[in-house]
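Colleague: build me a model from this:
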Amino acid sequence: MCDINEALIKKETIYAGTKYIPLKAGTKVKFHYETKRADNQKIIDDSRKPNHKPMELVLGKKFKLEVWEVIVQKMSLNEVARFTVDKSLVQQYPFISKTIRDAVKHPEERKHCCGMTLNTEGLGYSDLDELFKNPSDLIFTLEILSIELPEEYEKESWQLNEDEKLKAVEDYRLKGNEFFKNNQILEAEESYSKALGIVEQLMLREKPKDVEWMNLAKIKTPLLLNYSQCKLLQKEYYRVIEICTEVLSYDPDNLKALFRRGKAHVGAWNPEKAQEDFHRCIELDQNLKVTVTKEINALKEKIKEYENQDKSKFRKMF
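Modeller: Predicted coordinates for the structure are as follows:
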């Protein structure tokens, strides 16, 4: 429970709901909400408007409007209730509302409102500027749509601590491997992609080339290789080249990365670069000579085909 004076909150039950579920930290609560000024009854926000969506709140994650954490814990599943909240507890609401409205208008962008912008340009919405300048008690009408306890849903990566994130990476890797064995390439790609996203989050917190960063790079490398194989099977050759080049930035002599990048260069028709990667594979491991030589010979045949086609086109011109 947040440290808030609950005497400043008045509740009126509109519909009693179907079931009371005691909530704890990590519980995900989804609810519709309507926000009104108490002084003039003007509606500020309504999550049921077109293009809007219900709020999802994870308890204990320090949401900027702490009073919402308090009031949802006073409600049952499917309950509809009206809360009148003293203005001292909702000073952050104009900024919360701006963030939500901006996300609806520009879902691909994330904007930050700094103090300087606020002083010169305001919040960009006249009703929110008015609420900021002349605060009012607010009336929140909430309907609880769903309650998921921490053990009942798959946490998003931002909710996990470092150990949980590393475990999630391994879980996604194993899921991806299982999908791949069953020839479910798109599902495997998605699992590897999720694992990579988490590893990249962790790497951003470390200084490049430091011990912790290099240890994470070692975890990332096999994931990139698995991901590249999925992309290669889908003939996304330029993406494979990009991925394998990243692997080689961590491990310059990685045979799988060199071989797959060589095959991708063939697919993207970069024959000289393909041969460079294939020959480098043989230099590093003579045991691969037979396999790689087959690829080189197949490439040479393709080059001849293209050359013959070009000669034929040239003759037809004359």
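Colleague: Asp210 versus Tyr93, what's the distance?
Modeller: 41 Å (C-beta to C-beta, to the nearest Å). In short, each C-beta sits where N, CA and C put it, glycine included.
Colleague: give me the mean pLDDT for the longest helix anywhere in the chain.
Modeller: The residue-count maximum for a helix in the chain (DSSP state H) belongs to helix 289-317. For helix 289-317, the mean per-residue pLDDT is 79.
Colleague: again, but for stretch 225-241
Modeller: 96.
Colleague: who touches it?
Modeller: Stretch 225-241 is contacted from outside by 173, 176-177, 180, 185-186, 188-189, 192-193, 196, 243-244, 247, 254, 256-257, 260-261, 263-265, 267-268, using C-beta atoms under 8 Å, 6 or more residues apart in numbering.
Colleague: need the buried ones from those selected in ChimeraX.
Modeller: In ChimeraX syntax, the buried subset of the contacts of stretch 225-241 is picked out as below (16 or more other C-beta atoms under 10 Å):
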select :173,176,180,188,189,192,196,243,244,247,254,256,257,260,261,263,264,265,267,268
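Colleague: pretty sure Arg48 sits against His32.
Modeller: Yes: with contact defined as C-beta atoms under 8 Å, Arg48 and His32 form a contacting pair (5.8 Å).
Colleague: just the terminal-to-terminal distance for stretch 58-75.
Modeller: 15 Å (C-alpha to C-alpha, to the nearest Å).
Colleague: buried ones in the longest helix of the chain?
Modeller: By neighbour count on 16+ other C-beta under 10 Å, the buried set for helix 289-317 is 292, 295-296, 299.
Colleague: kindly report the same for stretch 141-156.
Modeller: 141-144, 147-148.
Colleague: out of these, who's nearest Lys53?
Modeller: Using C-beta to C-beta, Glu143 comes nearest to Lys53 of those, at 13.3 Å.
Colleague: the closest one sits in which helix or strand?
Modeller: Element membership for Glu143 (DSSP states H and E) is strand 138-148.
Colleague: show the pLDDT at Lys105.
Modeller: pLDDT at Lys105 comes out at 80.
Colleague: and it, how many neighbours does it have?
Modeller: 11 (other C-beta atoms under 10 Å).
Colleague: how about the contacts made by it?
Modeller: Taking C-beta under 8 Å, 6+ apart as the definition, Lys105 has no contacts.
Colleague: do I have it right that Gly122 meets Lys133?
Modeller: No: using C-beta under 8 Å as the test, Gly122 is too far from Lys133 to be in contact (9.1 Å).
Colleague: what about Gly124, which SS state?
Modeller: At Gly124 the chain is in coil, as set by DSSP: H, G, I helix; E, B strand; the rest coil.
Colleague: check which helix or strand the closest residue to it other than its chain neighbours maps to.
Modeller: Closest residue in space to Gly124, ignoring its immediate chain neighbours: Lys98 at 6.7 Å, by C-beta to C-beta, 6 or more residues apart in numbering. Assigned by DSSP H and E, Lys98 belongs to helix 93-105.
Colleague: mind checking how far that helix is from the chain centre?
Modeller: 20 Å (C-alpha atoms, centre = their mean, to the nearest Å).
Colleague: so for the strand or helix carrying Thr221, what gets flagged as buried?
Modeller: Assigned by DSSP H and E, Thr221 belongs to helix 211-233. Across helix 211-233, burial judged by 16+ other C-beta under 10 Å covers 216-217, 219-221, 223-232.
Colleague: ok, now stretch 273-291?
Modeller: Buried, per 16+ other C-beta under 10 Å, within stretch 273-291: 273-275, 277-278, 280-282, 288.
Colleague: touching that stretch from outside, list them.
Modeller: So stretch 273-291 is contacted by 253, 255, 258-259, 261-263, 265-266, 292-293, 295-296, 299 (C-beta under 8 Å, 6+ apart).
Colleague: put the alpha carbons of that stretch into PDB.
Modeller: Below are the C-alpha coordinates for stretch 273-291, written out as PDB (Å, rounded to 0.1, in the frame of the first residue of the first chain):
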ATOM      1  CA  LYS A 273      32.300 -11.200 -50.500                       C
ATOM      2  CA  ALA A 274      30.800 -14.700 -50.400                       C
ATOM      3  CA  GLN A 275      34.100 -16.200 -51.600                       C
ATOM      4  CA  GLU A 276      36.000 -14.200 -49.000                       C
ATOM      5  CA  ASP A 277      33.900 -15.600 -46.200                       C
ATOM      6  CA  PHE A 278      34.000 -19.200 -47.600                       C
ATOM      7  CA  HIS A 279      37.800 -19.100 -48.000                       C
ATOM      8  CA  ARG A 280      38.200 -17.700 -44.500                       C
ATOM      9  CA  CYS A 281      36.200 -20.700 -43.200                       C
ATOM     10  CA  ILE A 282      38.600 -23.100 -44.800                       C
ATOM     11  CA  GLU A 283      41.600 -21.200 -43.400                       C
ATOM     12  CA  LEU A 284      40.200 -21.600 -39.900                       C
ATOM     13  CA  ASP A 285      39.100 -25.200 -40.100                       C
ATOM     14  CA  GLN A 286      40.400 -27.600 -42.800                       C
ATOM     15  CA  ASN A 287      37.700 -30.100 -41.700                       C
ATOM     16  CA  LEU A 288      35.200 -27.800 -43.400                       C
ATOM     17  CA  LYS A 289      37.000 -27.900 -46.700                       C
ATOM     18  CA  VAL A 290      34.700 -30.400 -48.400                       C
ATOM     19  CA  THR A 291      31.500 -28.700 -47.300                       C
END
